[in-house]
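Chemist: mind looking at a prediction? Sequence and model below.
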Amino acid sequence: MQLSPAQLQPILDEIAARARATEDKGRVADYIPELAGVDPDQFAVAVAMPGKPILIAGDAHKPFSIQSVSKVFTLALALGKVGDQLWQRVGREPSGQAFDSVVLLEQEKGRPRNPFINAGAIVTTDTILDGSTPRETLGALLRFIRAAANDDNIHYNESVAQSEIATGHRNFALAHYLLSHGNLANAPELTLGTYFHQCAIEMTCAQLANAGLFLVGGPEAPRMVSDDRIRRINALMMTCGHYDGSGDYAYRVGLPGKSGVGGGILTIVPGIASVAVWSPGLNRYGNSKLGTEAMQMLAENTGWSVFL
Ligand SMILES: NC(=O)CC[C@H](N)C(=O)O
């Protein structure tokens, strides 16, 4: 359903007010030391609709670490670079496991289930890194995101990247495991250096909602990838974008989304809008607790769903 800005704004204001009043805001990710000190008492929502002014509520101009939301952009780049060959190295099935789980990687001989769990994202980044330096690859990624958002003021936070380089032992384990199965083309420290920096990109909710417009489609949305790719990326966001909480998100929100441990979620309403929410406290799946609740409320109040 298309809603006018005048109809949507009060819904967003109500969502932000409810979020502020909610006592249980979830737990901030503390396994990345640089993120452990983020104030959990923050909330923002932004709705970008092609050809219309962006709508916001809450701290929508405060930058946050996009973390795994970056995996949507690297997937788009990787599909642009190697096309369907990507699927020789990564699957397209939900994993039903935590984002940093190593279990299936051993059982399935080093082929990660999907591009959104860490192992699959590391392979995806390895694909776009191939033949270039981490600096060039990050430059290409930032150019893509800035063009999608129509905003040059998007950067990565070096301290957050270094914080993960120093403590990301599970990701190093995953990368070495992939290498042992011949599913890593570059040295683990190069691929992971790139991966940690892509996760350390900072955006505001307003910027992220704008950056997601290329996945909305339609005549007024930015055309960065083909319609066919838009459908495929959205399908993967729906089935795998929230790790072992993907089924729960599909049930509660009914829209394709991608979360990150920084507390951001990018959600696409095909043909209508790109929505970003941010609240740093996470639920037990590592997805933003208030962000998920806010998206459920937005979907219920707008009737936005891919299912009816
Ligand atoms: N779910 C996430 O956002 C995880 C991203 C984080 N950089 C990690 O690799 O652990």
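Modeler: Looks like it arrived, so ask away. Numbering: from 1, shown residues only.
Chemist: the domain parsing of the chain - what is it?
Modeler: What automatic domain parsing lists as the domains of the chain is 5-67+202-302, 68-200.
Chemist: where does Leu266 land in three-state SS?
Modeler: At Leu266, secondary structure determined by DSSP: H, G, I helix; E, B strand; the rest coil is strand.
Chemist: look up which residues are beta-bridged to it.
Modeler: Assessed by DSSP bridges, Leu266 has beta-bridge partners Lys258, Ala276.
Chemist: which other helices and strands contact the helix or strand harbouring His197?
Modeler: Using DSSP states H and E, the element containing His197 is helix 188-199. Under the contact criterion of 3 or more Cβ pairs under 8 Å, 6 or more residues apart in numbering; DSSP states H and E, helix 188-199 touches helix 70-82, helix 118-129, helix 134-149, helix 158-167, helix 169-180. In short, each C-beta sits where N, CA and C put it, glycine included.
Chemist: out of those, which one sits most buried?
Modeler: Among the helices and strands packed on helix 188-199, helix 118-129 has the highest mean neighbour count (mean count of other Cβ atoms under 10 Å), at a mean of 27.
Chemist: contact residues of the protein facing the ligand?
Modeler: 67-68, 99-100, 118, 164, 171, 199, 260-261, 286 (Cβ under 6 Å from any ligand atom).
Chemist: try 5 Å this time
Modeler: 67-68, 99, 118, 199, 260-261 (Cβ under 5 Å from any ligand atom).
Chemist: going through those residues, which ones are buried?
Modeler: Buried by 16 or more other Cβ atoms under 10 Å: 67-68, 99, 118, 199, 260-261, out of those.
Chemist: mind putting the residues you listed in JSON lines, secondary structure and pLDDT included?
Modeler: Output for these, formatted as JSON lines (DSSP: H, G, I helix; E, B strand; the rest coil; pLDDT from 0 to 100):
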{"residue": "Gln67", "secondary structure": "helix", "pLDDT": "98"}
{"residue": "Ser68", "secondary structure": "helix", "pLDDT": "98"}
{"residue": "Phe99", "secondary structure": "coil", "pLDDT": "93"}
{"residue": "Asn118", "secondary structure": "helix", "pLDDT": "97"}
{"residue": "Cys199", "secondary structure": "helix", "pLDDT": "98"}
{"residue": "Gly260", "secondary structure": "coil", "pLDDT": "98"}
{"residue": "Val261", "secondary structure": "coil", "pLDDT": "98"}
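Chemist: please enumerate the strands of the stretch 201-308 of the chain.
Modeler: Using DSSP state E, counting those that start in this stretch, the strands found in the stretch 201-308 of the chain span residues 201-203, 257-259, 264-269, 273-278, 281-282.
Chemist: could those strands be laid out in JSON lines, adding mean neighbour count and mean pLDDT?
Modeler: Shown next, in JSON lines, are those (neighbours: other Cβ atoms under 10 Å; pLDDT from 0 to 100):
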{"stretch": "strand 201-203", "mean neighbour count": "24", "mean pLDDT": "98"}
{"stretch": "strand 257-259", "mean neighbour count": "30", "mean pLDDT": "98"}
{"stretch": "strand 264-269", "mean neighbour count": "28", "mean pLDDT": "98"}
{"stretch": "strand 273-278", "mean neighbour count": "30", "mean pLDDT": "98"}
{"stretch": "strand 281-282", "mean neighbour count": "23", "mean pLDDT": "98"}
